[in-house]
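Asker: A predicted structure for the sequence below; I have some questions about it.
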Amino acid sequence: MSQDSLRNRRAPLAIAPGEFRKLGHQLVDRIAEHLDALADGPVTRAASPADIRALLGADRPLPRDGADPDALLREITELLFSHSLFNGHPRFWGYVTSSPAPIGMLGDLLASAVNPNVGAWILSPVATELEAQTVRWIAELIGYPEDCGGLLVSGGNMANFVGFLAARAAKAGWNVREAGMAAGGARRLRVYASTGVHTWVQKAVDLFGLGTDSIRWIDVDRRQRLDLAALRKQVEADRAQGDEPFLVVGTAGSVSTGAVDPLPEIAAFCREAGAWFHVDGAYGALAAAVPGAPADLGGMSQADSVAVDPHKWLYAPLEAGCSLVRRTDLLRNAFSYHPPYYHFDQEAINFFDMGPQNSRGFRALKVWLGLRQAGRDGYLRMIGDDILLARRLRDSISNFADLEPVTQELSITTFRYVPCDLRASAGSEVVAAYLNWLNQELLTRLERSGEAFLSNAMVDGTYVLRMCIVNFRTTLADIEALPDLVIRLGRDLDAVSRPLRLPSP
Ligand SMILES: *Cc1c(COP(=O)(O)O)cnc(C)c1O
C-alpha cells in the first residue's frame with residue numbers, strides 16, 4: 001500500500017453520495033412497485049430448495065472480486081421479489097406472522113443509516129430513549145404498569161427467555177447466577193405450563209440448565225385453556241416432595257387456537273403460592289384493549305413479566321419482540337455485570353445491563369414509527385378488524401356443507417374439509433384417520449397453489465386448517481374467497497384419494 005492510496009483511500013465498500021442517491025431511489029421505486037402489485041400475484045411460487053439454490057448460484061465460492069452495486073441490487077431485488085413467500089400478501093394467514101408496515105420498512109433503512117448501538121446510552125442517546133418510550137407505550141397498550149422495566153429483543157422466544165431468566169434469578173432461592181443449577185442442596189426448580197404452550201418453554205429449560213423434565217404439563221379444558229385445578233394439584237404435589245415451583249406460564253393467545261388462559265385466576269394462585277407469573281402474550285397481548293376481546297387478558301396486568309411481539313400484532317417488520325418485567329431492578333438482577341472496560345453512566349439507561357445482548361441494533365425505530373403513524377386508536381381498529389374478519393370466516397364456514405368449523409378465538413379460526421357424505425361416519429377410526437390425511441394434503445396443495453396461505457393445528461387429535469389474520473391488508477373479499485378455494489381443492493383431492501385410501505365399508 002503506497003502512502004498515496006492510503007491518503008486518498010477508496011474503500012471497496014464506499015459508494016459516492018450521488019451514486020447512493022440514485023441506487024436508493026431506484027430501490028425505493030422498485031419496492032413501491034412490488035407493494036402495489038402484491039395483491040395481484042401469488043402468495044408464493046412454490047419452488048423447491050434445489051430451484052432456489054440454483055437461482056442463487058448457491059454453490060459458487062465467494063467471488064474474489066467485487067461487483068457493481070447497481071447490478072447487484074437489481075439482481076437480488078428481482079430474485080427476492082419473484083421467489084419469496086410474501087407475508088405482506090392480503091391472503092397470507094399462516095402461523096402468527098404479520099404483514100409488515102411500510103413505515104417500518106423505511107424505519108429499518110433509517111435505523112441502519114444512523115446505526116446506533118443501543119447497548120449503552122452514550123452510544124445511542126436518542127435511540128435508547130426512543131426504545132424506552134416504545135416499551136412504555138407497549139405496556140400502556142396492553143394495560144401493564146407503565147413504570148415497568150423492559151426492552152426489545154429479537155422476537156417472542158427471546159422475550160419469553162428474558163422473563164424466564166428474571167424469574168429464575170428472583171425465585172430460585174439461592175444465587176443461581178453464581179452457583180448454577182447444580183448448587184449443593186439446590187431444590188429442583190419446576191415450571192408449569194399448559195399443554196398448549198409454545199415450544200419456547202422447552203428451549204428455555206433446556207438452554208438454561210433446568211432440563212425439559214422440569215416442566216409440569218398442565219391439562220387444558222374444552223376451550224384449550226389451562227385447567228386451574230390441575231395446576232393447583234400439581235404444585236401441591238411437587239411442594240410435598242421438596243421441589244420448588246418457581247414459575248407458572250400463562251398464555252395470552254395460544255399459537256394453535258388463540259386460547260387465552262384464565263390469567264386473573266392464575267395470577268391470584270401465583271401470589272398465594274409465591275411463584276413467578278409469566279404471561280406469554282407474544283400473539284394475543286396486543287388485543288387486550290380491543291373492545292370485545294377476551295376479558296381474561298386483563299389478568300396480564302398482574303403478571304411479573306410479559307412477552308409481547310411487535311412483529312406480530314404491531315405489524316413491525318421482523319424482528320422485534322418485547323419483554324416487560326414488573327420492575328427494572330428485576331431485569332438487572334438477572335443480567336447485570338459491570339466489567340472494567342465499560343465506563344457507562346449508571347444513572348442512564350444502558351440496555352446491555354438488562355438483557356442478554358451486548359451490542360444492540362435500533363429495532364425500536366420501526367416499532368415506534370408504527371405506533372406514531374397509527375396511534376392507539378389506529379392499532380385498536382386494525383387488530384379489531386383482524387378479529388372481526390376471522391369471525392366472519394367462522395360464520396361463513398357454517399354455510400358450506402363440506403366445511404366444519406372447529407375453533408374461533410382472537411383472530412384464529414380453525415376448520416376442516418369434511419366431504420358431506422363422510423360427515424356421519426367422521427367419528428369412526430378409519431374415517432377420522434382419512435380426514436386427517438385429507439386435510440394435511442389439502443393444506444400442502446393450498447400452500448403450493450399460491451392463492452392463499454394457511455397453516456395447521458391439532459385440536460384434540462384432529463388435524464385442522466388454521467387461519468390466523470395478523471394482516472392489515474386482508475379485506476372481506478379475501479376472506480369470502482377462501483371457502484370456495486378450500487372446497488375446490490378438497491373435492492379434487494378426495495375424488496382421487498378416497499378409492500385408494502379409504503376402504504369401502
Ligand atoms: C410466535 C409466538 C412465540 C414465538 O415468538 P417468535 O417471535 O417466533 O420468537 C411464542 N409464543 C407465542 C404464543 C407465539 O405466538
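Answerer: All right, it came through fine. Every value quoted in this text rests on a predicted model; they were computed, and no experiment measured them.

Asker: all contacts plus neighbour counts: C-alpha atoms, from now on.
Answerer: Fine.

Asker: Get me the contact residues on the stretch 151-300 of the chain for the ligand.
Answerer: Residues of the stretch 151-300 of the chain found near the ligand (C-alpha under 6 Å from any ligand atom) are Gly155, Gly156, Asn157, His198, Gly253, Ser254, Val255, Asp280, Gly281, Ala282, Tyr283.

Asker: Skip the chain neighbours and tell me the closest residue to the first one.
Answerer: What that stands for is Gly155. Of all residues not flanking Gly155 in the chain, Gly321 sits nearest, at 3.6 Å (C-alpha to C-alpha, 6 or more residues apart in numbering).

Asker: which phi and psi does that neighbour have?
Answerer: phi -110, psi 170 (degrees, to the nearest 10).

Asker: Quick check, it in contact with Leu152.
Answerer: Yes - with contacts counted by C-alpha atoms under 8 Å, Gly321 reaches Leu152, the gap being 5.5 Å.

Asker: which one of the two has more residues nearby?
Answerer: Comparing Gly321 with Leu152 by other C-alpha atoms under 10 Å, the one with more neighbours is Leu152, at 29 against 26.

Asker: Partner strands of the helix or strand where the more buried one lies, with direction?
Answerer: Element membership of Leu152, judged by DSSP states H and E, is strand 149-153. If you go by DSSP bridges, strand 149-153 pairs up with strand 321-325 (antiparallel).

Asker: Quick one: mean pLDDT for the strand it pairs with?
Answerer: The average pLDDT within strand 321-325 is 98.

Asker: any idea how far Ile122 lies from the ligand?
Answerer: Going from Ile122 to the ligand by C-alpha to the nearest ligand atom, to the nearest Å gives 29 Å.

Asker: For the stretch 1-150 of the chain, which residues are neighbours of the ligand?
Answerer: For the stretch 1-150 of the chain, the residues in contact with the ligand (C-alpha under 6 Å from any ligand atom) are Val96.

Asker: Below-threshold pLDDT in the stretch 1-150 of the chain: ranges please.
Answerer: Scanning the stretch 1-150 of the chain for pLDDT under 70 picks out 1-2.

Asker: Can you list the residue ranges for helices in the stretch 351-500 of the chain?
Answerer: 364-397, 429-449, 476-501 (DSSP state H, counting those that start in this stretch).

Asker: would TSV of those with mean neighbour count and mean pLDDT be doable?
Answerer: As requested, the helices of the stretch 351-500 of the chain are exported to TSV (neighbours: other C-alpha atoms under 10 Å; pLDDT from 0 to 100):
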stretch	mean neighbour count	mean pLDDT
helix 364-397	20	98
helix 429-449	18	97
helix 476-501	15	97
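
Asker: Out of those helices, which is closest to the ligand?
Answerer: Among these, helix 364-397 comes nearest to the ligand, with 14.1 Å by C-alpha to the nearest ligand atom.

Asker: Quick check: which helices or strands does the helix or strand that contains Asp238 pack against?
Answerer: Assigned by DSSP H and E, Asp238 belongs to helix 228-240. Judged by 3 or more C-alpha pairs under 8 Å, 6 or more residues apart in numbering; DSSP states H and E, the packing partners of helix 228-240 are strand 215-218, strand 244-251, helix 263-273.

Asker: count of neighbours near Val126?
Answerer: Using other C-alpha under 10 Å, Val126 has 13 other residues around it.

Asker: got the end-to-end distance for stretch 421-433?
Answerer: Terminal residues of stretch 421-433 lie 16 Å apart, using C-alpha to C-alpha, to the nearest Å.

Asker: again, but for stretch 343-356
Answerer: Start to finish, the residues bounding stretch 343-356 are 19 Å apart (C-alpha to C-alpha).

Asker: contact partners of it?
Answerer: Residues outside stretch 343-356 that contact it (C-alpha atoms under 8 Å, 6 or more residues apart in numbering) are 118-122, 128-129, 150-151, 162, 328, 331-332, 334-337, 358-360.

Asker: what about 7 Å?
Answerer: Residues external to stretch 343-356 that are found in contact with it (C-alpha atoms under 7 Å, 6 or more residues apart in numbering): Val118, Gly119, Ala120, Trp121, Val162, Leu331, Arg332, Phe335, Ser336, Tyr337, Asn358.

Asker: In contact with the third one, which residues?
Answerer: Residues near Ala120 by C-alpha under 7 Å, 6+ apart: Asn350, Phe351, Phe352.

Asker: Tell me the spacing between it and Glu78.
Answerer: Relative to Glu78, and taking C-alpha to C-alpha, Ala120 is found at 38 Å.

Asker: Same check on the fifth one?
Answerer: As judged by C-alpha to C-alpha, Val162 and Glu78 stand 38 Å apart.

Asker: for the first one, same thing?
Answerer: Look at Val118 and Glu78: by C-alpha to C-alpha, they are 33 Å apart.

Asker: what's around the closest residue to the ligand within the stretch 401-505 of the chain, how many residues?
Answerer: Closest approach between the stretch 401-505 of the chain and the ligand, counting by C-alpha to the nearest ligand atom: Cys468, at 10.4 Å. Using other C-alpha under 10 Å, the number of residues around Cys468 comes to 31.

Asker: The residue nearest to Gly155 is in contact with Trp313, isn't it?
Answerer: No - applying C-alpha atoms under 7 Å as the test, Gly321 and Trp313 come out as separate, 10.8 Å apart.

Asker: Which single residue in the stretch 1-150 of the chain comes nearest to the ligand?
Answerer: Closest residue of the stretch 1-150 of the chain to the ligand, C-alpha to the nearest ligand atom: Val96 (5.7 Å).

Asker: can you pull the contacts of that residue?
Answerer: The neighbours of Val96, taking C-alpha under 7 Å, 6+ apart as the test, are Lys312, Cys468, Val470.

Asker: before we move on, back to that, can you pick out the ones from the contacts of stretch 343-356 that are in strands?
Answerer: Among the contacts of stretch 343-356, no member falls in strands (DSSP state E).

Asker: Pull out the buried members of those residues.
Answerer: With neighbours counted by 16 or more other C-alpha atoms under 10 Å, these contain buried members at Val118, Gly119, Ala120, Trp121, Val162, Leu331, Arg332, Phe335, Ser336.

Asker: so how far is Gln202 from the fifth one?
Answerer: The spacing between Val162 and Gln202, counted by C-alpha to C-alpha, is 14 Å.

Asker: try the last one
Answerer: Ser336 sits 25 Å away from Gln202 when distances are taken as C-alpha to C-alpha.

Asker: Ok, the fourth one next?
Answerer: With the distance defined as C-alpha to C-alpha, Trp121 ends up 34 Å from Gln202.
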